[in-house]
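Peer 1: what's the 3D shape of this:
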Amino acid sequence: MKKLGMMKHKIEVSNEYEVLAKKDEEVSNLLYKNGEYKHAMYFCIQAMEKYIRSKIFTLVNPNLPYFRERNRNHSLEDAIEFLLEIISTDENLRNSIRQQLFVSILGDVNYQRLHNNLRYPSYSKKFDSYSVSSYTAEDYKFVENGLRKLKLYLNELNRI
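Peer 2: Okay, here's the model as predicted:
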């Protein structure tokens with residue numbers, strides 16, 4: 001079997017997540033400029049998740065087994081829950097921050113569903129057929145605005 005790529009070891013994981021997030025954001029912008037809104041939105045969501053993981057690993061030691069294992073799931077929602085777990089043990093504060101992130105920052109979108117709809121057709125019982133979603137420049141701008149606000153929010157967490 002052919003092996004592709006090379007592994008770079010002993011990386012600073014927080015920094016690497018940030019680099020990857022910036023690249024996803026750049027790709028998203030390029031795709032948007034070429035009218036590929038669906039794919040641009042996908043990379044926006046990827047960038048959101050990676051910016052959150054970058055923040056997480058500035059707060060905890062990524063080499064500890066618990067945090068390595070906790071980082072194995074990859075979704076925006078899971079990244080937010082992981083961040084909440086780290087920044088506070090107070091459930092009321094977590095709920096308040098969760099509300100801020102999901103509603104005020106990210107616009108009350110089910111990103112897990114969106115992330116799947118961006119990638120795959122889905123079966124609709126209502127129409128008894130497979131369906132696929134299409135997206136507009138306005139949809140992209142909504143998600144991209146969520147990314148912009150998320151980055152500002154994560155930077156503000158440094159002040160807490």
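Peer 1: Output the below-cut-off pLDDT ranges for the chain.
Peer 2: Counting by pLDDT under 70, the chain has low-confidence residues at 160.
Peer 1: Name the helix or strand for the most centrally placed residue in it, please.
Peer 2: Note on the chain: the residue nearest the mean C-alpha position is residue 49, at 2.2 Å, using C-alpha atoms, centre = their mean. Using DSSP states H and E, residue 49 sits within helix 37-59.
Peer 1: Test my guess that the residue nearest to the centre of the chain contacts residue 75.
Peer 2: Yes. Residue 49 sits in contact with residue 75 when judged by C-beta atoms under 8 Å, with a separation of 7.0 Å. Bear in mind the C-beta positions are built from the backbone N, C-alpha and C, glycine included.
Peer 1: Using just helix, strand and coil, how would you label residue 123?
Peer 2: strand (DSSP: H, G, I helix; E, B strand; the rest coil).
Peer 1: Can you name the residues in contact with stretch 25-38?
Peer 2: Residues from elsewhere that reach stretch 25-38 (C-beta atoms under 8 Å, 6 or more residues apart in numbering): 39-44, 47, 118, 133-137, 139-140, 144, 147.
Peer 1: buried subset of those residues?
Peer 2: Using 16 or more other C-beta atoms under 10 Å as the burial test, these include 39-44, 47, 118, 135, 139-140, 144, 147 as buried.
Peer 1: Let's have those residues in TSV, adding distance to residue 66.
Peer 2: Listed next are the buried ones among the contacts of stretch 25-38 as TSV, based on distance: C-beta to C-beta, whole Å:
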residue	distance to residue 66
39	35
40	35
41	32
42	30
43	30
44	30
47	26
118	31
135	38
139	37
140	37
144	34
147	28
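Peer 1: chain center to the helix holding residue 49, what's the gap?
Peer 2: 3 Å (C-alpha atoms, centre = their mean, to the nearest Å).
Peer 1: ok, now stretch 4-21?
Peer 2: Distance, centroid of stretch 4-21 to centroid of chain: 17 Å (C-alpha atoms, centre = their mean).
Peer 1: Verify the contact between residue 121 and residue 130 for me.
Peer 2: Yes. Counting by C-beta under 8 Å, residue 121 does reach residue 130; the two are 4.6 Å apart.
Peer 1: Which residue ranges of this protein form strands?
Peer 2: 122-124, 129-131 (DSSP state E).
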